[in-house]
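Undergrad: attaching a predicted model along with its sequence, questions to come.
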Amino acid sequence: MSSSSASLAVWVSSWLAGVSAPDDVIDAMFEWAPMHLVVAADPDIAAATGLAWPSPRADGIAALLTTVRSHLAQTSAASAPDTDAAIELLLPAPGSVENLAPSSEFSRAAIGAGEAVAVGYAGTRGLGLVPTVEGPDVLRWTVYTVDIPNHYFRDFSLGEAEYAMRDAVRSAAEALGSMQALPTRSELGDPRTRITELIANASRHRYPTETSERVLRVLESADRVAAILSVAQHSSPTEAPTASAAAARESLVRPLWATVRSARLSAVASCIESSVPRR
């Protein structure tokens, strides 16, 4: 699992569908941090949800689950008939802020964090959940209100994501050689050992039991490419690269990161859709 928002999105969806228990969600999120703080983004949201404001409380993931379920129950009648609740992972990045409303507090927070989760029925006012690392063992979730679009844009279908990740694994290895970013040893230790450690760290985060093998393949490939790119970027030679070398490195790395991001979004969306709560 690549982020706490991805974990929350897939596990909350599984819980709302009745497949996973609340304790399953709490246990999965515990892997990200033993303590989860929850706070409303403003006093109006605090009044509507019963969440703390302005200081967070250590209410944990259970408070988020209660808030999500209560909000969906309240807004169900306002949505179009036969509309299912949307749970969407958002991974905004520079130049890629689709599915975010411009100039909103939620959008600014999501861009700053590089991740978020949106929950609600299409065409209604939903909830936006943004995590912030408060320390090595503490994760803070800020709850916003957000307009839920009628359709979320995605770069890839699951099939396209699977194909893209097969190509990205090869491209990442080629880019690695071109950048000469993996010396035999670096200040971080053997780069290949570090890549293995990053992949193992990502794989310790569990997915719901109903997650398909195809989704898992895409996500595991994305984790592998992300690990290679992360180590490459932090294992540069001792001397600072020239401006032209830095630009060349960026031109190799940026499209690969974009492919990883798009593949993760498509795979998580597919995972959620397979267990989306029905009305």
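TA: On my side now, so go ahead. Treat the numbers as computed from the prediction; the structure is a model and nothing was measured. Numbers count the residues shown, from 1 in each chain.
Undergrad: return the residues in contact with Ala28.
TA: Contact analysis of Ala28 by CB atoms under 8 Å, 6 or more residues apart in numbering lists 7, 11, 205-206. Heads up, the C-betas are built off the backbone N, CA and C, glycines and all.
Undergrad: and the two most separated of those?
TA: Trp11 and His205 (10.1 Å; CB to CB).
Undergrad: what segments of the stretch 151-279 of the chain are helices?
TA: 158-179, 191-203, 213-234, 243-273 (DSSP state H, counting those that start in this stretch).
Undergrad: tabulate those (a markdown table), appending mean pLDDT, mean neighbour count and distance to Ser3.
TA: Shown next, in a markdown table, are those (pLDDT from 0 to 100; neighbours: other CB atoms under 10 Å; distance: least, CB to CB, whole Å):
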| stretch | mean pLDDT | mean neighbour count | distance to Ser3 |
| --- | --- | --- | --- |
| helix 158-179 | 83 | 17 | 17 |
| helix 191-203 | 84 | 15 | 10 |
| helix 213-234 | 88 | 20 | 11 |
| helix 243-273 | 83 | 19 | 8 |
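Undergrad: which one, of those helices, ends up nearest to Asp44?
TA: helix 243-273 (28.1 Å).
Undergrad: list the helices and strands the closest one packs on?
TA: helix 4-16, strand 85-90, helix 158-179, helix 213-234 (3 or more CB pairs under 8 Å, 6 or more residues apart in numbering; DSSP states H and E).
Undergrad: angle of the third one against helix 191-203?
TA: What that stands for is helix 158-179. With axes from the mean of the first three to the mean of the last three CA atoms, to 10 degrees defining the directions, helix 158-179 sits at 160 degrees from helix 191-203.
Undergrad: would you confirm that Ala232 contacts Ala175?
TA: Yes. Counting by CB atoms under 8 Å, Ala175 is a contact partner of Ala232 at 7.3 Å.
Undergrad: now, which of the contacts of Ala28 sits nearest Val268?
TA: Closest to Val268, out of all of those and judged by CB to CB, is Ser7, at 9.6 Å.
Undergrad: tally of neighbours for that closest one?
TA: Using other CB atoms under 10 Å, Ser7 has 23 other residues around it.
Undergrad: please report how far it lies from Pro149.
TA: Using CB to CB, to the nearest Å, we find Ser7 at a distance of 23 Å from Pro149.
Undergrad: flag every buried residue along the one helix or strand Ala62 maps to.
TA: Here Ala62 sits within helix 60-75, counting by DSSP states H and E. Within helix 60-75, the residues that count as buried by 16 or more other CB atoms under 10 Å are 60-61, 63-69, 71-72, 75.
Undergrad: now these in TSV, with pLDDT?
TA: Below are those laid out as TSV (pLDDT from 0 to 100):
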residue	pLDDT
Gly60	91
Ile61	95
Ala63	94
Leu64	95
Leu65	96
Thr66	95
Thr67	95
Val68	95
Arg69	94
His71	93
Leu72	92
Thr75	86
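Undergrad: coming back round to it: need the overlap of contacts for Ala232 and Ala175.
TA: By CB under 8 Å, 6+ apart, the residues touching both Ala232 and Ala175 are Val253.
Undergrad: of the buried residues of helix 60-75, which is the nearest to Cys271?
TA: Val68 (17.2 Å).
Undergrad: list the contacts for that closest one?
TA: 12, 16, 119, 127.
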